[in-house]
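A.B. asks: With the sequence up front, the predicted model follows.
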Amino acid sequence: MKVKIYRGTHEIGGTCVELTAGNGKKLWIDLGAPLNSSNPDISYVKNRVDALLISHPHQDHHGLMENIGSEVPIFIGQLSLDLINAAKLFRAIPAFPGNFKKIEAWKAFTIADTFKVTPFLVDHSTPEAFAFLIDADNKRVFYSGDFRATGRKNILYKKLTDKPPGNIDLLLMEGTMVQRESHQYPKEDSVEQAMYHIFKEQKNSSFVVSSAQNIDRLVSVYRACKRTGKQLVIDIYTAWLLELVRKKSKNIPVMEWPEIKVYRHPGQAEKIKGSIYDTFLQRVTEHKTDNSVFTNPPGYVYFVRCPSEKLINRLKVNEIINIIYSQWEGYLMKEYEQYFTGYLNSLKADNQINFTKIHTSGHATVPDLIYFAKAIDPKIIVPIHTGYPETFKKEFEKEGIKNIILWEDGKEYEI
Ligand SMILES: [Zn+2]
Ligand SMILES: [Zn+2]
């Protein structure tokens, strides 16, 4: 089998791997959008391919999938596709009518009579993320996708490392955390605990800034609210995501739960006009926020991507407001600037605001990566989804793992 990494040997973002079997059939794993503009060449998306596999619904893994021919089958989990479409829905972008084939955890299937694929559900900062075992030409490739060992589904990491698939020829393993600062908060549980302490003492409202699609984080915030008797305010988009995730797991909070209120954002309500959303919007109206935040500001915690400037200005005449930044720090930097970057940075300098960072990564720490690699015990390991492959290799060699091979983007290797 031949393997090529179009993008990702020296970069986080834009991941795309190509497997070519002896019979010429080609399979791509992920077709992500680059996270920055340092290497804008994406001409490979026009190359011939027989099928695409998507590991999870983060932009850096699926963001370019709309560029492949409409006849090419795209294998993806139902929840992943629902989450991708939800993000489009609330931005008034039509859903991509791709040739989607639904896949499920642990259920093996064969692509183009050639590649036998087994999806493994992994713990990551999105509710559905897969690693893939791929068998073809008597070779076995394991693609880790993005994963961690410290989230609410960490049992999946334990299961996989306790009972790893055997005889792996090539492990393509993510290395995001190599040379990224490790966090003060090692686990999702520690994030919940730190928020609990802040909410318990708050004299005004708190605003948790995070991605609505990070459902683990939302659950942490919800649990901290429940323990401190606070009302958690979410927006319509977040309420909609919870509906989708709840189809898969029943212990996900929904707007009917007594600790939750929905801010009926007029712009968001406008985006989902139409009969199929009528019942949902009716429920939103029944559970929407009223004006009690202004009579009892410390009774509320907002889960948002960007706090409303109007609301902050109105509330901050009282006591200190907590802004809890709970996502990747890169989004506060110019290089990865988002629509909220400028406003959030301005809040840091405001003496009516207590700006704290409480976050744990969606990615495995270096010790967790090493333990994982030892469990899988492949013939060779190629780092991917890392800005620092050389450091990756050094760190692993220190632990006695000598079979790390560094590849180049766009070059084909025989395994
Ligand atoms: Zn990811
Ligand atoms: Zn990623």
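C.D. replies: Great, that's in hand. Ligands and ions are numbered 1, 2, ... in the order given.
A.B. asks: Dihedrals phi and psi, Phe75?
C.D. replies: Main-chain dihedrals, Phe75, degrees, to the nearest 10: phi -90, psi 120.
A.B. asks: what does Ser80 give?
C.D. replies: Note on Ser80: its backbone torsions stand at phi -60, psi -50 [degrees, to the nearest 10].
A.B. asks: Around it, count how many other residues there are.
C.D. replies: Other residues near Ser80 number 24, with proximity taken as other CB atoms under 10 Å. C-beta coordinates here come from the backbone N, C-alpha and C atoms, glycine included.
A.B. asks: which ones are touching the closest residue to it other than its chain neighbours?
C.D. replies: Spatial nearest neighbour of Ser80, excluding adjacent residues (CB to CB, 6 or more residues apart in numbering): Pro57 at 4.2 Å. The contact partners of Pro57, by CB atoms under 8 Å, 6 or more residues apart in numbering, come to Leu79, Ser80, Leu81, Leu83, Ile84, Thr126, Glu128, Gln213.
A.B. asks: now these in JSON lines, with pLDDT and secondary structure?
C.D. replies: As requested, the contacts of Pro57 are exported to JSON lines (pLDDT from 0 to 100; DSSP: H, G, I helix; E, B strand; the rest coil):
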{"residue": "Leu79", "pLDDT": "98", "secondary structure": "helix"}
{"residue": "Ser80", "pLDDT": "98", "secondary structure": "helix"}
{"residue": "Leu81", "pLDDT": "98", "secondary structure": "helix"}
{"residue": "Leu83", "pLDDT": "98", "secondary structure": "helix"}
{"residue": "Ile84", "pLDDT": "98", "secondary structure": "helix"}
{"residue": "Thr126", "pLDDT": "97", "secondary structure": "coil"}
{"residue": "Glu128", "pLDDT": "98", "secondary structure": "coil"}
{"residue": "Gln213", "pLDDT": "96", "secondary structure": "coil"}
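A.B. asks: quick one: the helices in this structure?
C.D. replies: Assigned helices in the chain, in chain order: 59-62, 78-89, 155-162, 188-201, 215-228, 236-246, 266-271, 278-286, 292-295, 309-315, 341-348, 366-376, 389-398 (criterion: DSSP state H).
A.B. asks: Could you give me the buried positions within the second one?
C.D. replies: Put plainly, it is helix 78-89. Using 16 or more other CB atoms under 10 Å as the test for burial, helix 78-89 gives Leu79, Ser80, Leu81, Asp82, Leu83, Ile84, Asn85, Ala86, Leu89.
A.B. asks: Equivalent analysis for the fifth one, please.
C.D. replies: Using 16+ other CB under 10 Å as the test for burial, helix 215-228 gives 215-226, 228.
A.B. asks: Give the closest residue to Ile376 in space, chain neighbours not counted.
C.D. replies: Distance criterion CB to CB, 6+ apart; nearest residue to Ile376, sequence neighbours excluded, is Pro164 at 4.9 Å.
A.B. asks: Now the one you found: phi and psi?
C.D. replies: According to degrees, to the nearest 10, Pro164 has phi -70, psi 150.
A.B. asks: Ile358 now?
C.D. replies: The phi/psi pair for Ile358 (degrees, to the nearest 10) is phi -130, psi 110.
A.B. asks: Tally up the residues packed near Lys411, please.
C.D. replies: For Lys411, using other CB under 10 Å, the count is 11.
A.B. asks: how close does it sit to ligand 2?
C.D. replies: 21 Å (CB to the ion, to the nearest Å).
A.B. asks: got it, and Gln282?
C.D. replies: 37 Å.
A.B. asks: per-residue confidence for that residue?
C.D. replies: Looking at Gln282, its pLDDT is 96.
A.B. asks: Just give the number of residues close to it.
C.D. replies: 9.
A.B. asks: Same question for Pro97.
C.D. replies: Per other CB under 10 Å, the neighbour tally for Pro97 reads 8.
A.B. asks: please begin residue numbering at 118 from this point
C.D. replies: Fine by me, first position is 118 from now on; the one you just mentioned is Pro214.
A.B. asks: Tell me, how many residues neighbour the residue nearest to Phe457 when sequence neighbours are not counted?
C.D. replies: Nearest in space to Phe457, with sequence neighbours left out and distances taken as CB to CB, 6+ apart, is Cys423 at 3.6 Å. Neighbour count for Cys423, taken as other CB under 10 Å: 14.
A.B. asks: show me what contacts Cys423?
C.D. replies: Here Cys423 is in contact with Val326, Tyr456, Phe457, Tyr460, Leu461 (CB under 8 Å, 6+ apart).
A.B. asks: wait, which of those is closest to ligand 1?
C.D. replies: The closest of those to ligand 1 turns out to be Val326 (CB to the ion; 18.5 Å).
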